[in-house]
Every structure is written in structure tokens, then in C-alpha cells.
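Q: Turn this into a model:
(one chain, ligands or ions: 2)
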Amino acid sequence: MVKVMVAGYHGRMGSTAAQMVIDNADFDLVGVYDARGKDTNLGEDDRFKGQDVPAFHQLDAIKTTATVWIDFTIPTAVYENAKFAINHGISPVIGTTGMTDEQVADLQKLAKDKQVGGLIAPNFGISAVLLMQFAQQAAKYFPDVEIIEMHHADKIDSPSGTAISTAKKIAEVRAPKEQGNPNATETIPGARGAEYEGMRIHAVRLPGLVAHEEVMFGGPGEGLTIRQDSYDRISFMTGVKVAVEKINQYHELFIGLENLL
Ligand SMILES: NC(=O)C1=CN([C@@H]2O[C@H](COP(=O)(O)OP(=O)(O)OC[C@H]3O[C@@H](n4cnc5c(N)ncnc54)[C@H](OP(=O)(O)O)[C@@H]3O)[C@@H](O)[C@H]2O)C=CC1
Ligand SMILES: O=C(O)C1=N[C@H](C(=O)O)C[C@H](O)C1
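A: Residues are numbered from 1 along each chain as shown. Ligands and ions are numbered 1, 2, ... in the order given. Presented below is the predicted three-dimensional model:
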């Protein structure tokens, strides 16, 4: 039985993850954490009536037997949460996006020092993991690329963690290239999107969307578009479940779900 703590349990992903843990016979939800709220037990939340799981609202008040910490919180909270987990020998399984490269490197060092396994996955959806792999493969032949990520209107960070990860994977295999016309101008600033090693990343935010990404490649006389769609947050739970099952076997912090598949 894997004992699990879920951080961000009031939120869209945290509540979905808490339900996944409750529904899994091999997992035991032993605590939930969210920075706000007065509830002392998850069962006080209408969505989780009948559950008896202690709820915490301050990191330093947390007392837990959890061995895995699932984190779906916010960019400004996740680093401290992950540090807390690793320092207490709890393996973090982090879906929260928006950490800096320096923060990720710090956490990797801490996990290695403490010999604690962990995972930061910008996307737990299998379609997104495959999209990133296919895009990296295509970029060897098509160096001209535009990344378009599309999300629900409440998303805080942009571009998405998945789009940044896609750009990094593409950058690993293609020489840096300034795309488009070197004399191009923007009549309205930002029209060409964010720039990463010459690639352009566009962030669309609309009600009705969940999480979607297109990677468009163009070459002389031809084009290739790779697209993935998460229509429902349940799509991320396959990956979270795999990570919870496996992460206690490891002693380092991985980046990307593909490391555990
Ligand atoms: N890797 C993946 O596959 C996926 C990653 N994500 C990422 O997960 C994160 C959460 O997304 P989503 O669920 O949509 O966002 P929500 O805004 O719905 O949820 C975030 C939750 O975090 C809580 N929170 C805020 N501050 C803290 C804190 N200091 N400590 C603990 N909890 C805190 C919020 O509480 P309150 O409401 O009280 O402020 C809220 O309940 C985002 O970074 C998103 O990009 C999302 C989908 C998939
Ligand atoms: O905020 C979201 O919803 C999502 N966030 C992650 C990201 O930033 O890539 C993963 C997925 O796209 C959903």
C-alpha cells in the first residue's frame, strides 16, 4: 500500500488526483494540503463526503506517514513544497508547472543528497509525452517550427510547461536558428509569440478548452502538424498513477514521465 499526500487538493487537478488515490486499492490517501481553507478533514469538502483524511494548511504543521507527495499547486508554492517533501524523505510527484531551471536543479541536488526518488512531469498525459517525442524526431528534418499551446482561461502560467519542455527537446536536436524574415517587424508587440532559441511559442487561453498542443513544422513545399488533446483531466491520471506506483524505488529526481514508462 503506497501512502500518499496530495497538495493543492481544492484545485482542478489536486481534487482529481485525490479522487484517483481514493479509488485505487493499492494507494492510501493519508493527508491533503492546500494553503487556504479552514477544513481539518477532507470529508468536510462536499466532493469528498464520507472520507476521513486529515487536511493541512501550513507546511510546518504537516505530520504524515506519506511516502509520496503529489503536487498540483501553483508556480510560487511548488518549490517550497517539493523541498519540504524531500527533506522529510517523501518522494515528490510534481505536476505543477512554472519552476525555474535553477529551482529544478536545486531540487535534483537535494534529492540526490537525501537519496529520495522524485518526478517532475510537465505533462502526465500519454498523448503529450508522445507528442514531445514525435516533435523531437521531426525537428531533425524540419528545423522551422512553431509551438501553439491552448488551455482553459484560468491557467496562470504561460507558456505551458509542456510547451517549454517541447521547445527544450527540439532544441536538443536542432542547431539554434532564427526563423522567419530577419527584417520582420511586429506592428503589435508580441504578435510573433515568445521566443526560445529562435522557435516561437504561442499561448492561447479560452473557456471551454482543457489542455491542447500543436507543433507545426514547415519545409520547402511541405508541412507537418503534430497535435495532442486532453479533453478531460482524467487523461493525466494514468501517468500520475504510474509515478505513484514506481517512484519510491528510485533515489533521484527525474524530469519527464517518459523516465518511468
Ligand atoms: N503535469 C500535468 O500533467 C499537469 C499539470 N498541471 C499544472 O498543475 C498546476 C495546478 O493546476 P490546476 O489544478 O488547474 O490549478 P488550480 O488553480 O485549480 O489549483 C491549484 C491549487 O493550489 C492551491 N494552492 C495555492 N497556493 C498553495 C500553496 N502555497 N500550497 C499548497 N496549495 C496551494 C490552490 O488553493 P486556493 O484555491 O485555495 O488558492 C488551488 O487549490 C498548474 O501548475 C498546472 O499547470 C495541470 C494539469 C496537468
Ligand atoms: O494548467 C494546465 O491545465 C496544464 N498544465 C500543464 C502545462 O503547463 O503544460 C500540463 C497540461 O498542459 C495542463
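
Q: for the strand or helix carrying Ala18, packing partners?
A: Element membership for Ala18, per DSSP states H and E: helix 12-23. Packing contacts for helix 12-23, counted by 3 or more C-beta pairs under 8 Å, 6 or more residues apart in numbering; DSSP states H and E, involve strand 2-7, strand 27-33, strand 68-71, helix 237-246. For the C-beta atoms, the positions are set from N, CA and C on the backbone; glycine is no exception.

Q: Walk me through the domains of this protein.
A: The chain is divided into the following domains under automatic domain parsing: 2-120+234-260, 126-230.

Q: among these, which is the most enclosed?
A: Of these, the one with the most neighbours on average (mean count of other C-beta atoms under 10 Å) is domain 2-120+234-260, at a mean of 19.

Q: quick revisit: need the domains of the chain in TSV with mean pLDDT, can you?
A: Formatted as TSV, the domains of the chain follow (pLDDT from 0 to 100):
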stretch	mean pLDDT
domain 2-120+234-260	97
domain 126-230	96
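
Q: Columns distance to ligand 1 on top of those, output as JSON lines?
A: Formatted as JSON lines, the domains of the chain follow (distance: least, C-beta to the nearest ligand atom, whole Å):
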{"stretch": "domain 2-120+234-260", "distance to ligand 1": "2"}
{"stretch": "domain 126-230", "distance to ligand 1": "6"}
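
Q: hey, where'd the strands end up in the stretch 51-200 of the chain?
A: 55-56, 68-71, 91-94, 118-120, 145-151, 194-196, 199-205 (DSSP state E, counting those that start in this stretch).

Q: do you know which of those strands lies nearest Glu214?
A: Judged by C-beta to C-beta, the one of the strands of the stretch 51-200 of the chain that comes nearest to Glu214 is strand 145-151, at 4.6 Å.

Q: list the helices and strands the closest one packs on?
A: With contacts taken as 3+ C-beta pairs under 8 Å, 6+ apart, strand 145-151 sits against helix 161-173, strand 199-205, strand 211-219.
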